[in-house]
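**Q** Need coordinates for the following:
(chains A, B and C)
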Amino acid sequence: MNRMYSNKLHILIFILPALLLFCAILIAPIGASAYFSLFDWNGFGEKTYIGFSNYKELFTSDAIGFLKALRNSLLLAALSVCLQLPLALALALALGKKIKGERLFLSVYFMPVLISTVVIGQLWLKIYNPTYGVLNVFLRAIGLESWAKIWLGDKATALGAVLVPTLWQYVGYHMLLLYAGVKSVPPELREAAMLDGASDAQVNRYIVLPYIKPIIKISVIFAVTGSLKSFDMIYVLTNGGPLHATEVPSTLMINMLFLRNRYGMGSTIAILLIILCFLFALIISAIFKEED
Amino acid sequence: MKKIIALALVLSMVFALVGCTAGESKKEEDGKTVLTMWCIATESDANRPAYEKAIAEFEKAHPDITIQWEAFENESYKTKIKAAMSDPETLPDIFFTWSGAFLGDFANAGNVYPLDEAYKPFADKLPEVMLSNATYNGKHYAVPLTYNIVGLFANMDLLAQVGWDHVPETYEDLTACCDALLAANIIPFGCAGKENWCVTEYLEPIIEKTIGYEAMTQIMLGKQTWNDPGIQSAVDTFQDMIKKGYFDPAGAALGNDEVKANFLAGQTAFYQNGTWNCGEVNDASFKSAVALFPVMDSSKATYGQVIGGPSDSLAVAASSKNAEIAAQAAFELGQSICHYAYLIGSGLPAWTPDYDTSEVKPLVNDAAAIVAASDGMVLFGDTIMSADPANTYLSYVAQVYGCEIDGAGFIAGLAKDLQ
Amino acid sequence: MRNNSKSAQVAIYIGLILWLLVNLFPIYWMFTFSLKSNAEIFGENVIGLPKEWLWSNYASALGTGKMGLYFLNSAIVAVSTIAITLSVALMGTFALTRLIWKQKKTLNKFFMLGLTIPIHASIVPVYVTLSRLHMLNTRWALIIPYSAFSLSMAILVCTGFMNEIPRDLDEAACIDGCSVWGIFFRIIVPLMKPAVATVGIYTFLQCWNELMFANIFISKTALKTLPVGVQALSGQYTTEWGPIGAALVLATFPTLFIYMFLSKKIQESFIAGAIKG
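**A** Below you'll find the model as predicted:
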């Protein structure tokens, strides 16, 4: 069998479709972007080679505001890890101990994941509407008139208002991942600990959490890279406004590519985004390894 | 085995589905020439009926030509057309465009077909001056459809409630009127903060009425510095109005359609925007009027100076296989879209009318009269400037509306970033 | 049961139910306002059930909004993407786990790069590639890129499942005279059944949402997908909320409906992906 499995032709035939698809649509365009990031180019006219000037400008120009956009997406990533994941973990732990209505809770919590981001964005646009939105109507109804805000139009509240639905949508996703982990903890381990007199909290802390660490790692990587990539929700809700308060690298990139005709700069942001996502995935893996 | 059969079934279904749509050929079917066209006249667009009528008429007059057209929403259209420019083969034969620098970038890259030959037979119906915004290196590149300026629309019923029977014509009168409106719990202005061009519809007339159209044109073209005390005082005037509460604060989170709807529903007294709104405002349930922003500095500007010009246009792709036919079609379509848009009130005519204009709506006529009497004009700022500076400019304008920077910050910032 | 665990239990339930409401309320509100007039949504009756059930909103969403067509388009794109991703990933994974060659570890890592690449990062080069292949304005323009971007996750999941199939089966089949193809199609593929559901779900989540590619690569109304349609409709009815609500419901409820019937299966498959991955 080993001879059959080592046949070069077979290997080629089996791997080729995947390799072709992957290289043509992912790798080659990224190569192209890396190349174009070295040019001053509007995407259709003459190109001028400018070396790494785009990269330099990106990090130094206040007018572009890349660092601010980056800060926003890092904030999203941090909140994702510090709020979204703990919430998802708490839900997963609570549901993991054979609670009544487990199925119902599980099913409902996962629902927002299945709804298109554009739909959720449009829905929250209505919820936040300054005059008729359900949020302000509710605040006025309970006498908190002064709390009613122009949520998406005010620089002070816009970022928060964008983060809430973004975080909310994927709690269910992480919850289900972590729930899977909690369920996979062998019951004997749990029972043994209980017999030793451990409380629920102690069981969770010393038995469950260490056991599901690989899944937590996956969750953290997805949460962080997902935050760096986030685009659709912000595009629908504010498109980076007001006054760039909710700008993230991907909205900035689309802006450069299609509004400012700065194709070279747009490619530069694309490349940096890829590097960042990759870097963070490596760092997170390293952190989890170190703890072992 | 069942799985494989199922998989094969799904796959073949997929291929069949994809195949039948991919198989559609757009090239000449039974000897007919097919021209593809992209525009922004979506079903909710005021211009939609004008396009529908014009295309139907054209196809009737030319049974050998079929127009295949698609309409896209304004913002996503900008994305689409620029993506298509990166591979000219994917451009349609005819496409909607704004003149000025937007089209200029495409024309300079050689992606647009020059229309000088095709223009000749239409020269008596379309004054050459109307083509000037789409003329680069001495060649004409687009057919203008409509002509628009920024108008100050007023709800005369609301103004009457506070004792005004005409639109205020001096700044003192305007502030007095706004104060009276506020006292009566009526919001004077609505302005969409989500779309920066809407803010320029307010700011640019104020700038023009402060420094005059000649100086403003020079600055917009980059021939003079933005560091101009007149512009600083214009920005301060605008922010003064905002701080006095003349603008609906909710506007910051809204788009233009929502702000316009508020005005049409009688929630704000004024709405300053392009004259393409004349038809809709005319048909609103209240008595309406269109006027201009008052003069701020009478030593430099006059009331009759306006912001605007012909901008909405049709252009032909240089890559078109039927470029000559498409050029001819662009002029014929342009002429009749202009005709119907004028009658609907979604724009003033760039073409000289050669039809019965007695049906034109009163408010559209008023706007046309303002243009006829105008004594100076500056094209929309974001149309004059090319994409990158235009967006820098728009982002400064947004900061002004958000009161992030004052007049001094505005001129200093633009002078630095747009040398 | 100890004493404190009873009150803890109650606290947990309160928490769970609160979060349940946070998830259900937007969906409930969306449904009710899809059946109301502006007058009701804007004041008279903000969160109650509609007083007058305005089904005409649905007529607008289906008529002018063409939500039915867009839903079908999205479904076709999703099913095709899943089918292609799955076939390509199964073959690739077979080569990466079963077949014997030197660089397969490296190549596996190479494929995993795809997990972190943002889909928007390569939009223009992909556009040009698709145009050269004459795929723009066909469903392929979405199916191919979506498949490519789902591939990494699919290979990750399939690797987990395929490693669990004992190699003895291959040996036995080989001795019985099976070719590589025979082993792949008769032994491996049928045993990968659970992976089909899992890859299907992850791929679905990836391509059902996508807005930017769908907006730029497709110009024909007849081929537009749901996110683009919803976005366009909200531009058309900025001020009339009813039809937008109806469109949102039409875009959402069929999926949720299917999910309700298959929720257990879907969750199990999703979970399998997490464990195997």
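
**Q** Quick check: the closest residue to chain A within chain B vs B:Gly190, distance?
**A** Of all residues in chain B, B:Ala253 sits closest to chain A, at 2.8 Å by Cβ to the nearest Cβ. (Glycine included, C-beta is placed from N, CA and C.) Separation of B:Ala253 from B:Gly190 (Cβ to Cβ, to the nearest Å) stands at 12 Å.

**Q** For A:Ala18, give me its contacts.
**A** Shown in contact with A:Ala18 (Cβ atoms under 8 Å, 6 or more residues apart in numbering or on different chains): C:Val88, C:Ala89, C:Met91, C:Gly92, C:Ala95, C:Phe111, C:Leu151, C:Ile155.

**Q** thinking again about what came up before, with neighbour numbers in mind, choose between B:Ala253 and B:Gly190.
**A** The residue with more neighbours, out of B:Ala253 and B:Gly190, is B:Ala253; 29 against 25, by other Cβ atoms under 10 Å in any protein chain shown.

**Q** Can you report how many residues lie near the residue nearest to the more buried one when sequence neighbours are not counted?
**A** Nearest-residue entry for B:Ala253: A:Gly153, 2.8 Å, with adjacent residues in sequence omitted and distances by Cβ to Cβ, 6 or more residues apart in numbering or on different chains. By the measure other Cβ under 10 Å, the count of residues near A:Gly153 is 25.

**Q** Repeat that for C:Asn137.
**A** 21.

**Q** What's the per-residue pLDDT of it here?
**A** Note on C:Asn137: pLDDT of 85.

**Q** Please verify my assumption that it contacts C:Ser219.
**A** Yes. If you go by Cβ atoms under 8 Å, C:Asn137 and C:Ser219 touch, sitting 5.5 Å apart.

**Q** so where's chain A uncertain?
**A** A:292 (pLDDT under 70).

**Q** same deal with the stretch 1-150 of chain B?
**A** Looking at the stretch 1-150 of chain B by pLDDT under 70, you get B:1-30.

**Q** show me the contacts for A:Leu259.
**A** B:Lys78, B:Ala387, B:Asn391.

**Q** tell me the contacts of the first one?
**A** Contacts for B:Lys78 were tallied using Cβ under 8 Å, 6+ apart; they are A:Phe258, A:Leu259.

**Q** got the residues of the stretch 51-200 of chain C near chain B?
**A** C:64, C:76, C:79-80, C:83-84, C:86-87, C:123-124, C:127-128, C:131-132, C:135-136, C:138-140, C:143, C:185-186, C:189-190, C:193, C:196 (Cβ under 8 Å from any Cβ of the partner chain).

**Q** picking up where we left off before, give me every residue that touches the residue of chain B closest to chain A.
**A** A:Tyr128, A:Asn129, A:Pro130, A:Ile150, A:Trp151, A:Leu152, A:Gly153, A:Asp154, A:Pro242, B:Gly193, B:Lys194.

**Q** how about the nearest residue to residue 107, chain neighbours excluded?
**A** Just going to use chain A. C:Ser263 (4.4 Å).

**Q** meant chain C, my bad for not saying
**A** C:Leu96 (6.6 Å).
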